[in-house]
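Colleague: Pasting the sequence and the predicted model now:
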Amino acid sequence: MAAPVAQPKAEPYRVSVREYNLFRSQGFLVVPGLVTPEEIAEVRAHTEDLMQGRLPEQQGSVMGERDTQGDSGVTMQGLEAPPAHLSPNEKAEYFLRIHMLHQKLELHERYLLHPRVLDVLQALIGPDILALQTMLFLKPPGKPGQGWHQDSYYIPTHPDSLCGAWIAIDDCDELNGTMWMATGSQHEPVYPPVSGYGYGDQTLGDITAVGGVSNPDDEQNDLTRIANRHPQLLVTAKAGDVVFFGGHILHRSKKNYTTDRFRRAFVGHYCNARSFTQWGAEAPPDPLTGGTNNSHILARGDTHLPFGLPRFGTPCAALLPSEERKRASTFAATMMGDMDSGLMGETDADPTVEEDDE
């Protein structure tokens with residue numbers, strides 16, 4: 001396998017006020033060219049090797065035979081190689097979506113913890129960032145999309161600070177099934193499930209439960225009527241662009257209508273590392289908190305909650321000594337009452353500073 005792409009140390013990406021406002025007002029943000037062409041070439045080549053079963057990690061395991069014409073838009077595969085007798089095109093069509101590959105492949109861990117992606121997240125949900133999950137979407141020609149859904153329905157965090165980062169591996173447009181966002185729906189609550197798997201806000205007096213979440217058939221997906229309250233924007237992206245979107249915004253994708261183009265994307269999900277979660281337990285839940293934060297990687301900043309380590313040693317906050325994490329953290333400013341004047345004064349709220357009682 002080729003060595004990781006060696007890149008000059010890039011300047012940290014600084015989110016502009018306009019970008020910050022766009023994320024808040026429309027519920028998503030597209031940052032053009034955040035991942036370099038050299039990096040995208042690396043991810044694309046690795047993805048193509050995966051789809052042909054050429055990765056070392058795929059050797060010795062083969063998927064079972066199946067009729068790919070019956071695949072739905074949410075079908076998931078493992079890392080197993082496709083059957084060897086298939087043609088290259090048939091092998092590629094065996095893959096639609098693979099979940100949590102950062103736990104199996106160094107490259108996926110590295111791009112989950114990509115510094116410039118974390119720079120943007122730090123501005124949007126930080127400064128403390130927990131890396132939760134990865135998904136690799138392949139979406140071959142002719143395959144269906146995924147219906148309206150909210151990511152926090154699947155990955156609850158408390159407080160809710162979930163954010164996705166969707167790295168386009170291919171150019172993505174309406175023809176090959178790029179995403180649509182119901183802009184403004186980031187202000188909607190998370191609608192709870194009628195039954196079965198899913199999380200939603202049960203505390204609102206008149207909230208309605210929903211069924212058919214993620215179903216690409218709008219008539220069977222109850223979130224369609226919620227999405228139809230809002231303008232629906234097509235989110236086109238060039239390879240290397242990254243789409244950031246919060247956990248409440250309703251989004252979907254449609255069918256790949258082309259005959260010769262894939263719509264491949266690498267997606268990471270993150271939350272503020274101070275948020276509590278019970279999603280995605282790879283390790284036993286933390287006995288003190290009952291949460292699963294200890295299954296996820298502390299990417300930036302610090303936290304009072306447990307966290308996990310990167311399996312392949314990708315540099316991140318989780319590998320720093322605790323004292324270094326504390327020193328690097330940005331502490332808020334607190335307003336203190338002036339006892340003499342009665343006015344408010346400002347002082348740094350550094351929890352490592354000991355108060356003088358004298």
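Modeller: Sure, I can see it.
Colleague: And the residue nearest the centre of this structure?
Modeller: The geometric centre of the chain, computed from its C-alpha atoms, lies nearest to His269 (CA atoms, centre = their mean), at 2.1 Å.
Colleague: what's near enough to touch it?
Modeller: Leu132, Gln133, Thr134, Met135, Asp151, Ile155, Leu162, Cys163, Gly164, Ala165 (CB atoms under 8 Å, 6 or more residues apart in numbering). Where C-beta positions appear, they are placed from N, C-alpha and C, glycine not excepted.
Colleague: Can you tell me the SS state at it?
Modeller: strand (DSSP: H, G, I helix; E, B strand; the rest coil).
Colleague: so where do the strands sit in this structure?
Modeller: Along the chain, the segments classed as strands by DSSP state E run 28-31, 97-99, 129-137, 163-168, 179-182, 232-235, 242-246, 251-253, 265-272, 297-300, 333-337, 344-348.
Colleague: what is the orientation angle of the fourth one with strand 242-246?
Modeller: So that's strand 163-168. Computed by axes from the mean of the first three to the mean of the last three CA atoms, to 10 degrees, the angle separating strand 163-168 from strand 242-246 equals 160 degrees.
Colleague: State the number of residues packed around Gln122.
Modeller: 19 (other CB atoms under 10 Å).
Colleague: How about Cys271?
Modeller: Cys271, neighbours per other CB under 10 Å, totals 29.
Colleague: what's near enough to touch it?
Modeller: Cys271 neighbours (CB under 8 Å, 6+ apart): Ile125, Ile129, Leu130, Leu132, Ile155, Thr157, Ser161, Leu162, Cys163, Thr277.
Colleague: Okay, and the beta partners of it?
Modeller: Residues in a beta bridge with Cys271, per DSSP bridges, are Leu130.
Colleague: rewinding a little: of all the strands of the chain, which one is nearest Asp206?
Modeller: Closest approach to Asp206 among the strands of the chain (CB to CB): strand 179-182, 20.2 Å.
Colleague: Parallel or antiparallel, list what pairs with that closest one.
Modeller: Neighbouring strands of strand 179-182 in its sheet, by DSSP bridges, are strand 232-235 (antiparallel), strand 251-253 (antiparallel).
Colleague: Let me see the mean pLDDT of it.
Modeller: For strand 179-182, mean pLDDT rounds to 98.
Colleague: List of residues touching it?
Modeller: Strand 179-182 has contacts (CB under 8 Å, 6+ apart) with 26-28, 148, 166, 172, 226-227, 229-235, 243, 245, 249-254.
Colleague: Now list the buried members of these.
Modeller: In terms of neighbour count (16 or more other CB atoms under 10 Å), the buried residues within the contacts of strand 179-182 are 26-28, 148, 166, 172, 226-227, 230, 232-233, 235, 243, 245, 249-254.
Colleague: any weak-confidence spans in the chain?
Modeller: For the chain, applying pLDDT under 70 flags the ranges 1-9, 73-74, 329-358.
Colleague: Which residue ranges of it form helices?
Modeller: Here the chain has its helices, by DSSP state H, at 17-26, 37-51, 88-92, 106-112, 115-124, 151-154, 223-227, 322-328.
Colleague: can the contacts of His269 go into CSV with extra columns for neighbour count?
Modeller: Formatted as CSV, the contacts of His269 follow (neighbours: other CB atoms under 10 Å):
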residue, neighbour count
Leu132, 27
Gln133, 22
Thr134, 22
Met135, 19
Asp151, 21
Ile155, 20
Leu162, 25
Cys163, 26
Gly164, 24
Ala165, 26
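Colleague: Go through those and name the one nearest Asp49.
Modeller: Of these, the one sitting nearest to Asp49 (CB to CB) turns out to be Thr134, at 17.1 Å.
Colleague: from memory the closest one sits against His102, does it?
Modeller: Yes - between Thr134 and His102 there is a contact under CB atoms under 8 Å: 4.4 Å.
Colleague: burial count for Asp206?
Modeller: 4.
Colleague: Kindly report the same for the one 10 residues further on.
Modeller: With neighbours defined by other CB under 10 Å, the count for Pro216 comes to 19.
Colleague: That one contacts Gly145, doesn't it?
Modeller: Yes - applying CB under 8 Å, one finds Pro216 in contact with Gly145, separated by 5.5 Å.
Colleague: Of the strands paired with strand 179-182, which is nearest Tyr197?
Modeller: Judging the strands paired with strand 179-182 by CB to CB, what sits closest to Tyr197 is strand 251-253, at 18.7 Å.
Colleague: ok so, going back, for the strands paired with strand 179-182, give me a markdown table that also has distance to Gly211.
Modeller: Listed next are these as a markdown table, based on distance: least, CB to CB, whole Å:
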| stretch | distance to Gly211 |
| --- | --- |
| strand 232-235 | 21 |
| strand 251-253 | 16 |
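Colleague: nearest to Val194, of those strands?
Modeller: Once these are compared by CB to CB, strand 251-253 is nearest, at 19.2 Å.
Colleague: what's next to the closest one, contact-wise?
Modeller: By CB under 8 Å, 6+ apart, strand 251-253 touches 28, 73, 139, 145-149, 177-182, 216, 227, 245, 263.
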